[in-house]
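Asker: here's my sequence, what's the structure:
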Amino acid sequence: MSRPEVTRIVVKTNDDNEIILPETQQYLVYIENKDGTKIRLYDSVMVFKKNLHTQKPFEMVLKSYDFTDHRLFFNGNYQKIKSITYTGLLTIINKDHQKTFSLVDKVWMIMNQIFEQKTFLITQLGIVVNKEDLS
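Answerer: This next block holds a predicted model:
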């Protein structure tokens with residue numbers, strides 16, 4: 001099974017600044033053309049994802065779309081833009097491979113991310129202890 005993944009969305013403004021948009025915001029961002037017609041960024045992302053299906057798996061693809069004379073609405077503000085560049089790849093998912101995480105794994109991953117590579121333990125009473133303090 002193949003799955004297109006967008007790894008980066010970069011908007012180039014008329015004054016040549018770059019705005020990096022997280023893919024998770026694609027439903028909140030709108031693009032308006034000079035006639036006032038609005039489309040969601042999501043629609044543009046889907047065009048790119050369809051293009052990814054025609055590419056070789058695991059090959060990084062960079063594609064720019066021209067949006068001259070368009071405005072980008074994001075966080076209550078608008079920017080005049082020139083283009084939007086997407087980076088992504090087509091991944092292959094093996095249905096037979098099953099990934100599972102235990103509760104301990106999930107807690108460890110969250111704590112590892114929060115506490116920047118420091119190691120902490122959770123006692124049976126729920127107290128968080130720095131592992132270095134136990135040494």
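Asker: and the residue nearest the centre of the chain, what pLDDT?
Answerer: Per CA atoms, centre = their mean, the C-alpha nearest to the average position across the chain is that of Glu23, at 3.8 Å. Glu23 carries a pLDDT value of 85.
Asker: do you have the helices of the protein handy? List them.
Answerer: 41-52, 103-114, 131-134 (DSSP state H).
Asker: going along the chain, name the strands of the chain.
Answerer: With strands called from DSSP state E, the chain shows them at 2-13, 18-21, 30-32, 38-40, 61-74, 77-92, 120-122, 128-130.
Asker: just put those strands in TSV and tack on distance to Val107.
Answerer: Yep, even glycine has a C-beta here, placed from its N, CA and C like the rest. Listed next are the strands of the chain as TSV, based on distance: least, CB to CB, whole Å:
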stretch	distance to Val107
strand 2-13	27
strand 18-21	30
strand 30-32	38
strand 38-40	36
strand 61-74	34
strand 77-92	27
strand 120-122	7
strand 128-130	10
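Asker: which of the ones you listed sits most buried?
Answerer: strand 30-32 (a mean of 18; mean count of other CB atoms under 10 Å).
Asker: now for it, which elements pack on it?
Answerer: strand 38-40, helix 41-52, strand 61-74, strand 77-92 (3 or more CB pairs under 8 Å, 6 or more residues apart in numbering; DSSP states H and E).
Asker: show the end-to-end separation of stretch 65-85, please.
Answerer: 6 Å (CA to CA, to the nearest Å).
Asker: per-residue pLDDT, Gln113?
Answerer: Looking at Gln113, its pLDDT is 64.
Asker: I misspoke; the intended subject was Trp108.
Answerer: So, for Trp108, pLDDT stands at 65.
Asker: one more: the one 10 residues further on?
Answerer: Predicted confidence (pLDDT) at Lys118: the value is 64.
Asker: the one 3 residues further on too?
Answerer: According to the prediction, Leu121 has pLDDT 72.
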